[in-house]
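> Show me how the following folds:
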Amino acid sequence: MIDAPLKTPWHIWLVGLIAVLFNFIGVFDFVMSMAQGAKYQASAGMTPDQIAHYQQMPSWMTVVWAVGVFGAFLASILLLLRRQQAFPVFILSLLAFLVSLLYTYVLTNGGAVMGQQMAIASTVIAGLLVLFIVYSRYMTLRGVLR
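Next up, the predicted model:
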């Protein structure tokens, strides 16, 4: 018996578009932080202490940050392209994000420096990444992502 091709559900376009737009913000923030540094960060409303925290970040953390934001953006595009690789790439992005949280809240005083607003933003980011992971896994299991 030949299986009929599975019709792409409408919600994959909605979730994929939300994921691309949301994760583009992370890519934009990373690129601008690398290109303009403190000037961009000040224009984004960061305090001098917050800017110093980012400027003193070790190079390995910059790599982790890049893996997190570019990984999430790539996974979002893979989701729109209906590729099952979206699932592991979203997981990689979440793992990178968790390492960045470990750095910020355990290895440095970044939690105190960045304040409650960053804690809230981090919770939202982690929550969305988990939702994108669950969704991409579900779509893979249903055969929508190939």
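> buried stuff in the top helix by length along the chain?
Across the chain, the helix with the greatest residue count (assigned by DSSP state H) is helix 110-141. Residues of helix 110-141 classed as buried: 110, 113-114, 118, 122, 125, 128-129, 132-133, 135-137, 139-140 (neighbour count, 16 or more other CB atoms under 10 Å). (Glycine included, C-beta is placed from N, CA and C.)
> other SSEs contacting that helix?
Judged by 3 or more CB pairs under 8 Å, 6 or more residues apart in numbering; DSSP states H and E, the packing partners of helix 110-141 are helix 10-36, helix 48-55, helix 59-80, helix 86-102.
> To Val144, which of those lies closest?
helix 10-36 (6.3 Å; CB to CB).
> What lies in contact with the next helix or strand along the chain from the closest one?
Scanning forward in sequence from helix 10-36 by DSSP states H and E, the next helix or strand is helix 38-43. Outside of helix 38-43, the residues within contact range by CB atoms under 8 Å, 6 or more residues apart in numbering are Met32, Ser33, Gln50, Ile51, Tyr54, Gln55.
> Would you mind giving the helices and strands packed on helix 110-141 as CSV with mean neighbour count and mean pLDDT added?
Formatted as CSV, these follow (neighbours: other CB atoms under 10 Å; pLDDT from 0 to 100):
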stretch, mean neighbour count, mean pLDDT
helix 10-36, 15, 96
helix 48-55, 15, 93
helix 59-80, 19, 98
helix 86-102, 20, 98
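> okay, those in CSV with distance to Ala42 next?
Below are those laid out as CSV (distance: least, CB to CB, whole Å):
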stretch, distance to Ala42
helix 10-36, 9
helix 48-55, 6
helix 59-80, 19
helix 86-102, 21
